[in-house]
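Peer 1: Can you look at this prediction? I've put the sequence above it.
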Amino acid sequence: MTDNSLSDLDVAHRAADAAGAVILPYFRQRGLDAENKLAAGFDPVTVADREAEQAIRAVLSELRPEDGILGEEFPPVTGTSGRTWVLDPIDGTRGFISGTPTWGVLIALSDADGPVLGVIDQPYTGERFIGSAELAQMSGPCGVAGLATRDTATLAEAILFTTFPEVGTAEERAGFERVAGQVQLTRYGMDCYAYALLAAGHIDLVIEAGLNAYDIQAPIAVIEAAGGIVTDWQGAPVHEGGQVLAAANADLHAEALRLLQNA
């Protein structure tokens, strides 16, 4: 039975703590093997990814046994509650195996309409970003602070992030370049940490393509709680993945959307 003495946020905290405890002993350890999941290209997975997801699933199995689970590394679990925990145990495994602290643990709780709770956790830096209808908050080495997106008025003042310079297909790259050509600064390679920076008010836009549900559901919840907007490139809900546009405010979202659509 579900443990109703703990809130969903309490459960998410426990799951993130369990994942971090498993992951950290592997981070920046020489000789860590990375298996390539692709026949063409490179999509690595490590023992840390798998053990972290198992640790999260163990917490959920104990405390929320009636909920479903959708994770990157193991088959989905069908629940009876109508709710699903959506997990990426290490978002940014390429960064993880390269020693950069821009990867994170993503945990979201979703219902039929999309994510209602999200956690972006960076165990190495000790930062945790949380978003729900009741809370938009980060904690870290400097304490606890609220999350709020920026009020940047125009693309000419905006900071844009994406993980991969190629973004996706040639057509998707062209759409990204139209936006990048209008902003003040473009940066690359941050994985889920870019979404956390957007929610914390340090950057303005994240544009990506080819994402899965487990890549984006936690960031959606965190950014929306902080006052931002996350949609696909047509302005529709994107919690199932695909092309993603995350923006600090409605004005920037509208400008970027127009350019992505070449309108």
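Peer 2: Right, received. Where do you want to start? Residues are numbered from 1 along each chain as shown.

Peer 1: Buried residues of stretch 203-212, list them for me.
Peer 2: Of all the residues in stretch 203-212, those buried under the rule 16 or more other Cβ atoms under 10 Å are 203-209, 211. Heads up, the C-betas are built off the backbone N, CA and C, glycines and all.

Peer 1: Strands - which of those residues land there?
Peer 2: 205-209, 211 (DSSP state E).

Peer 1: and of those, the nearest to T102?
Peer 2: The closest of those to T102 turns out to be V206 (Cβ to Cβ; 12.7 Å).

Peer 1: Lowest mean pLDDT among the helices and strands of this protein, which one is it?
Peer 2: Lowest on mean pLDDT, DSSP states H and E among the helices and strands of the chain sits strand 35-36, with a mean of 86.

Peer 1: what's it in contact with?
Peer 2: 42-46 (Cβ atoms under 8 Å, 6 or more residues apart in numbering).

Peer 1: Let me have the residues you listed in JSON lines, extended by secondary structure.
Peer 2: Compiled in JSON lines, the contacts of strand 35-36 are given as follows (DSSP: H, G, I helix; E, B strand; the rest coil):
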{"residue": "F42", "secondary structure": "coil"}
{"residue": "D43", "secondary structure": "coil"}
{"residue": "P44", "secondary structure": "strand"}
{"residue": "V45", "secondary structure": "strand"}
{"residue": "T46", "secondary structure": "coil"}
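
Peer 1: Who does the residue lying closest to A194 once chain neighbours are set aside form a beta bridge with?
Peer 2: Counting by Cβ to Cβ, 6 or more residues apart in numbering, the nearest residue to A194 once its immediate chain neighbours are dropped is F161, at 3.9 Å. Assessed by DSSP bridges, F161 has beta-bridge partners R187, V206.

Peer 1: ok, F161 touching C192?
Peer 2: No. Using Cβ atoms under 8 Å, F161 is not in contact with C192; the gap is 10.8 Å.

Peer 1: From L87, how far off is R50?
Peer 2: The spacing between R50 and L87, counted by Cβ to Cβ, to the nearest Å, is 12 Å.

Peer 1: More neighbours: those two, which one.
Peer 2: Neighbour tally, R50 and L87, criterion other Cβ atoms under 10 Å: the higher count belongs to L87, 26 against 18.

Peer 1: Can you tell me the SS state at that one?
Peer 2: L87 ends up strand, using three-state DSSP.

Peer 1: Now do the contacts for the residue nearest to P76 when sequence neighbours are not counted.
Peer 2: The shortest distance from P76 to any non-neighbouring residue, by Cβ to Cβ, 6+ apart, is to L70 (4.9 Å). Neighbouring residues of L70 by Cβ under 8 Å, 6+ apart: 76, 84-87, 213-214.
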